[in-house]
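Novice: The following block contains a protein sequence and its predicted model.
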Amino acid sequence: MTYRLFEGKDHASVYQKYRLTPPEELKDIIIQYLDKRRGQPHELAVDLGCGTGQNSRLLAPHFREVVGIDVSENQLEVARATPGFPNITYREGTAEELPFPDGSVDLLTAAAAAHWFNRSRFLAEASRVLKPGGCMALLGFTDTNTRFCYKDCEERIREVYEGVKKVLLPFTSQQVAVADGKLEELYSAIPFPDKERIDSFKSKCFISVRNLVGFMESWSMFQAYKAKDGERAEELLLNTQKRFLEEMGVTSPDTEIEYELEYYCVLASKPH
């Protein structure tokens with residue numbers, strides 16, 4: 001089954017504005033893995049569940065061509081309208097039915113998207129389209145060890161953050177739990193003998209209170225809550241921003257917090 005939770009125009013613009021780009025250092029690990037298994041030159045990367053193209057743009061300097069694929073035309077419209085690289089194209093489609101010839105893809109990647117795929121159909125397609133030595137890199141983040149740092153407010157900020165997650169828990173899908181489980185079952189099901197996983201890659205960045213609340217707005221569980229009760233969902237965002245500012249003792253939503261997020265990555269290479 002292909003899940004269709006990120007398709008509205010409003011959600012697409014929120015996604016582009018607030019969704020975090022994967023860490024540059026993690027991208028470098030993926031490219032090094034591909035260098036060792038497949039070697040240069042890197043012709044074609046396919047970014048599955050590309051959304052508004054954050055990961056596609058990160059890959060573009062390393063490939064002759066990058067194709068971003070997503071089920072949402074609204075997400076792709078935003079991706080196409082975002083300044084980027086001339087070697088990226090975006091197509092509507094699914095991870096389970098890829099529009100590429102057998103043995104034509106150097107890298108198949110998905111950033112915070114593989115938990116939505118039908119596992120067996122996706123893996124069959126990956127085996128078909130990858131070149132010998134071609135690689136899969138399925139990355140995401142887990143929200144179980146998220147940390148915040150602002151003066152001495154870490155615990156209080158975390159309490160506000162966890163309070164939002166508690167409100168949204170009834171709207172959290174099984175697929176989000178799969179992501180928090182770091183794609184363990186998908187990793188086990190990959191048929192290639194050459195595979196490895198990075199379980200914990202910690203990435204720190206500075207994020208404004210406004211953008212942190214915006215990031216929460218981009219979550220699938222928030223969007224499900226908003227679809228059920230738009231007024232309460234908007235109130236939740238406003239109250240969350242207000243509480244962050246109160247706990248930090250500041251008034252500007254542009255005040256920045258140090259934010260540490262834990263990423264993971266599943267890497268695999270098709271046999272030669």
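Specialist: Now that the structure is in, tell me what you want to look at.
Novice: ok now do residue 188, which residues does it touch?
Specialist: Not one residue lies near residue 188 by Cβ atoms under 8 Å, 6 or more residues apart in numbering. C-beta coordinates here come from the backbone N, C-alpha and C atoms, glycine included.
Novice: which phi and psi does it have?
Specialist: Per-residue torsions, residue 188: phi -60, psi -30 (degrees, to the nearest 10).
Novice: pLDDT score for it?
Specialist: The model reports residue 188 with a pLDDT of 95.
Novice: do the same with residue 218
Specialist: 83.
Novice: With residue 180 instead?
Specialist: Note on residue 180: pLDDT of 64.
Novice: do the same with residue 16
Specialist: 53.
Novice: try residue 44
Specialist: Reported pLDDT for residue 44: 98.
Novice: Could you check how far it is from residue 244?
Specialist: 43 Å (Cβ to Cβ, to the nearest Å).
Novice: Likewise for residue 216?
Specialist: 10 Å.
Novice: neighbour-wise, which of these two wins?
Specialist: residue 244 (24 against 19; other Cβ atoms under 10 Å).
Novice: Not counting its neighbours along the chain, what's nearest the more buried one?
Specialist: Leaving aside its sequence neighbours, residue 244 sits nearest to residue 209 (Cβ to Cβ, 6 or more residues apart in numbering; 4.9 Å).
Novice: my read: the one you found touches residue 251, true?
Specialist: No: using Cβ atoms under 8 Å, residue 209 makes no contact with residue 251, being 10.3 Å away.
Novice: more neighbours, the two?
Specialist: Set side by side, residue 209 and residue 251 show more neighbours around residue 209, with 22 against 8, by other Cβ under 10 Å.
Novice: ok, now which ones touch the more buried one?
Specialist: 241, 244, 245, 248, 250, 252, 253, 254, 255, 256, 257.
Novice: ok, 6 Å please
Specialist: 244, 253, 255 (Cβ atoms under 6 Å, 6 or more residues apart in numbering).
Novice: Am I right that residue 198 falls within a strand?
Specialist: Yes: the assignment for residue 198 is a strand, going by DSSP: H, G, I helix; E, B strand; the rest coil.
Novice: in the sheet, who's paired with it?
Specialist: As for beta bridges, residue 198 partners with residue 265 under DSSP bridges.
Novice: is it true that it touches residue 267?
Specialist: No: Residue 198 lies out of contact with residue 267 (Cβ atoms under 6 Å); the separation is 7.4 Å.
Novice: Excluding chain neighbours, what is closest to residue 125?
Specialist: That would be residue 98: by Cβ to Cβ, 6+ apart, it lies 4.9 Å from residue 125.
Novice: ranges for the helices of this protein?
Specialist: Assigned by DSSP state H, the helices in the chain fall at 9-18, 24-37, 54-59, 73-81, 119-129, 154-168, 174-180, 184-189, 209-217, 220-228, 230-248.
Novice: Now do the second one: which elements does it pack against?
Specialist: Just to be clear, that refers to helix 24-37. Using 3 or more Cβ pairs under 6 Å, 6 or more residues apart in numbering; DSSP states H and E, the elements in contact with helix 24-37 are strand 130-149, strand 256-269.
Novice: Taking their axis directions, it and strand 130-149 sit at what angle?
Specialist: 160 degrees (axes from the mean of the first three to the mean of the last three Cα atoms, to 10 degrees).
Novice: pull the CA atoms of helix 24-37 into CSV?
Specialist: Output in CSV follows, covering the C-alpha atoms of helix 24-37 (Å, rounded to 0.1, in the frame of the first residue of the first chain):
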residue,chain,number,x,y,z
GLU,A,24,25.8,16.8,5.0
GLU,A,25,28.1,14.4,6.9
LEU,A,26,25.6,11.5,6.6
LYS,A,27,25.3,12.2,2.8
ASP,A,28,29.1,12.0,2.6
ILE,A,29,29.1,8.5,4.2
ILE,A,30,26.5,7.4,1.6
ILE,A,31,28.6,8.7,-1.3
GLN,A,32,31.7,7.0,0.2
TYR,A,33,29.8,3.7,0.4
LEU,A,34,28.8,4.0,-3.2
ASP,A,35,32.3,4.9,-4.3
LYS,A,36,33.6,1.7,-2.7
ARG,A,37,30.9,-0.6,-4.1
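Novice: Could you figure out how far it is turned away from strand 256-269?
Specialist: 10 degrees.
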